[in-house]
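>>> got a predicted model here, sequence first, then my questions.
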Amino acid sequence: DTGVSQDPRHKITKRGQNVTFRCDPISEHNRLYWYRQTLGQGPEFLTYFQNEAQLEKSRLLSDRFSAERPKGSFSTLEIQRTEQGDSAMYLCASSRTGHRFAGELFFGEGSRLTVL
Amino acid sequence: DQQVKQNSPSLSVQEGRISILNCDYTNSMFDYFLWYKKYPAEGPTFLISISSIKDKNEDGRFTVFLNKSAKHLSLHIVPSQPGDSAVYFCAAWDPSGNTPLVFGKGTRLSVIA
């Protein structure tokens, strides 16, 4: 399978716990994105990497959120001290750089977080 | 404020008829637009795109029209099929910067057999 893969697909946690999601992008893609989607909304941008460099972070990404892509391959998104408002689908996507390809993001199936 | 707006949360169409999904945008720096399709429990998948230098792009049953002066684009599906039932997201991108894709809230299309 050469698509974007995310793990776990579903995580249920209690408020205050920490959670970590992993994303493995398409191997030849050097850009990796994290988006969040809540019910009735479109995907909302959180952050993105080009290789291992984190190039942009949204205001949505509070101090409790941290993302890494240490070797420019897979990425992790950690949420500390989870709150009920963090319940959402966390989507990872990847793309190539360059005018033609940078806009076409390839998404994984998402990691659904439920905070009780 | 929403830069990409899909004002119809849902749309029902009979099988074989045309489905028209609309999208408006406010940021004049956007000049590349994409449509994504999303089934339940799956991530969005790319459907079709259009650059601002064009006013129409066609791919099989799917055609996207862009009216840059009106800051409006639409996705036409002809003929609609039950398998087209999904949520469709309009997205926009400014290639001159590092900004990521900005998505609308989506329109849920139901194609009734």
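Received it, and whenever you're ready, just let me know what you need.
>>> now the helices for chain A?
Here chain A has its helices, by DSSP state H, at A:99-102.
>>> name the nearest residue to residue 68, ignoring sequence neighbours.
Assuming you mean chain A. residue A:76 (5.4 Å; C-beta to C-beta, 6 or more residues apart in numbering or on different chains). In this view, the C-beta of every residue, glycine as well, is placed from N, C-alpha and C.
>>> to clarify, I was referring to chain B.
Here the residue nearest residue B:68, using C-beta to C-beta, 6+ apart, is residue B:52, at 5.7 Å.
>>> show me the contacts for the one you found.
For residue B:52, the contact set (C-beta atoms under 8 Å, 6 or more residues apart in numbering or on different chains) comprises B:30-33, B:66, B:68.
>>> and the gap between the most centrally placed residue in chain A and residue A:70?
Residue closest to the average C-alpha location in chain A (C-alpha atoms, centre = their mean): residue A:34, at 3.0 Å. Applying C-beta to C-beta, to the nearest Å, the value for residue A:34 to residue A:70 is 15 Å.
>>> and what of residue A:30?
Remark: distance between residue A:30 and residue A:70 (C-beta to C-beta) = 14 Å.
>>> now do residue B:15
49 Å.
>>> what's around residue A:33, how many residues?
The burial count assigned to residue A:33 is 27, neighbours taken as other C-beta atoms under 10 Å in any protein chain shown.
>>> which element is residue B:64 on?
Under the criterion of DSSP states H and E, residue B:64 resides in strand B:62-67.
>>> distance between that strand and the chain's centre?
Centre-to-centre, strand B:62-67 and its host chain are 8 Å apart (C-alpha atoms, centre = their mean, to the nearest Å).
>>> quick one: contacts of whichever helix or strand comes after it?
Remark: after strand B:62-67, the chain's next helix or strand is strand B:72-77, criterion DSSP H and E. With contact meaning C-beta under 8 Å, 6+ apart, strand B:72-77 is reached by B:18-25, B:33, B:35, B:47-48, B:50, B:61-67, B:84, B:88, B:90, B:109.
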